[in-house]
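J.: all I have is the shape, not the residue letters:
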């Protein structure tokens, strides 16, 4: 993917650098290169940093896909395949923006600095250090940043996003016997790691979504009246949620608490168990070692180290109550901070005008429940405004089976990105 993307950009006249960042921590696996690119160097023009990622979530046909996930399918005016909306489609959208201007013979309105990575789905390993090292070098002329790596809230109305939640990802590993055991021979004679693990996992979150770890909710910034009013005008319905999930398994019956649960409150999700039998059929085995994975989406004013302390203490306390002879270890696998920007900035004004010119409506201003760790790094290190300008819809199925991007969103998304750059070139700098 890095070779393909670099070649596409080079063919359009982008000056490309591939930055190799060494090995993934704790492994001998090479980190995928970060693609840096520059297009234009006119000192009279603004310089916009665009970011995206060319890596994707894993996908197998047997997960439930209707098609081969790594073969792009065009069906019913949709582009179907892993990465179509997250984030290969939007990244190629930037390539199309350059291509369209070149073919139309239209002068490009800004200077572009590009940063495309291949580790976003695993916490952007290596990118934060690169941004810090290059803030006064490669990125020194950047006036604002645009990230196209999120989605509309629903399916019919465009949005601009000014905040995302952070994410702290943990594992709990329970180990006992030196090897897997026959349950008919050893069941009832030994402490089973999977039984211990499921007991601990059940103590983390309630079926109603309540985080059971004491002190976590105390870290959250209180809701103000002004913030509460922002939710009243958002164009979103419970039907939008039903359509996006394909079910009516909602925890909240109204839009406002649903959106608050998605944007401004932390949530804890269980993601899976490694080491346990998961194939079809029956296998009467007692696994010797199992690891449960869970994450907590973080919000203002939570800090990762405060959260870690609460998580580790609680899990160790619950483990002690079991009096198990197995061994348990809880670890932080990776984390990323939440981010909230200034939606009154000229960066957002340009995006608002671009959205109105393409879609014919003013966009909603939203926050997002997912995590893009590098947003905060760009804003803090470069001291420049960051906007999330999405291409896809809320029902695209990112990270899920049959991921898609509607063709209309793809085409109009390219138009919006182009218009955004043209409005940026003339938008007065009313704020910094």
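T.: Perfect, I can see it now. Because the structure is predicted, anything quoted here is derived from the model rather than measured.

J.: got a list of what the nearest residue in space to residue 151 that is not next to it in sequence touches?
T.: Leaving aside its chain neighbours, residue 151 sits nearest to residue 392 (4.4 Å; criterion: CB to CB, 6 or more residues apart in numbering). All C-beta spots, glycine's among them, are computed from the backbone N, C-alpha and C. Residues in contact with residue 392 (CB atoms under 8 Å, 6 or more residues apart in numbering) are 85-86, 89-90, 150-152, 398, 405-406, 409, 413.

J.: point me to the helix or strand that includes residue 196.
T.: helix 193-202 (DSSP states H and E).

J.: and the next helix or strand past that helix?
T.: Past helix 193-202, the next helix or strand by DSSP H and E is helix 225-230.

J.: and the helix or strand following that next one, what does it pack against?
T.: Downstream of helix 225-230, the first helix or strand assigned by DSSP H and E is helix 238-245. Here helix 238-245 touches helix 255-263, going by 3 or more CB pairs under 8 Å, 6 or more residues apart in numbering; DSSP states H and E.

J.: helix 238-245 and the helix it packs on, what's the angle between them?
T.: 40 degrees (axes from the mean of the first three to the mean of the last three CA atoms, to 10 degrees).

J.: how about the most far-flung residue of the chain relative to its centre, phi and psi?
T.: Distance to the chain centre peaks in the chain at residue 185, reaching 45.5 Å (criterion: CA atoms, centre = their mean). Backbone geometry at residue 185, expressed as degrees, to the nearest 10, gives phi -90, psi -40.

J.: check what pLDDT it gets.
T.: Looking at residue 185, its pLDDT stands at 97.

J.: measure it to residue 375 for me?
T.: According to CB to CB, to the nearest Å, residue 185 and residue 375 sit 53 Å apart.

J.: ditto for residue 302
T.: When residue 302 is compared with residue 375 (using CB to CB), they lie 16 Å apart.

J.: these two: which is more packed in?
T.: residue 375 (29 against 23; other CB atoms under 10 Å).

J.: next secondary structure after the host helix or strand of residue 167?
T.: Residue 167 belongs to strand 166-175 when assigned by DSSP H and E. Sequence-wise, the next helix or strand beyond strand 166-175 is strand 181-182, with elements assigned using DSSP H and E.

J.: and that following strand, which strands flank it?
T.: Here strand 181-182 is paired, per DSSP bridges, with strand 285-286 (antiparallel).

J.: next SSE downstream of the partner strand?
T.: Counting by DSSP H and E, what follows strand 285-286 is strand 289-298.

J.: for residue 415, see how far away the residue lying closest to residue 156 once chain neighbours are set aside is.
T.: Excluding the flanking residues, the one nearest residue 156 by CB to CB, 6+ apart is residue 235, at 7.7 Å. Using CB to CB, residue 235 is found at 21 Å from residue 415.

J.: no further queries at this time; thank you.
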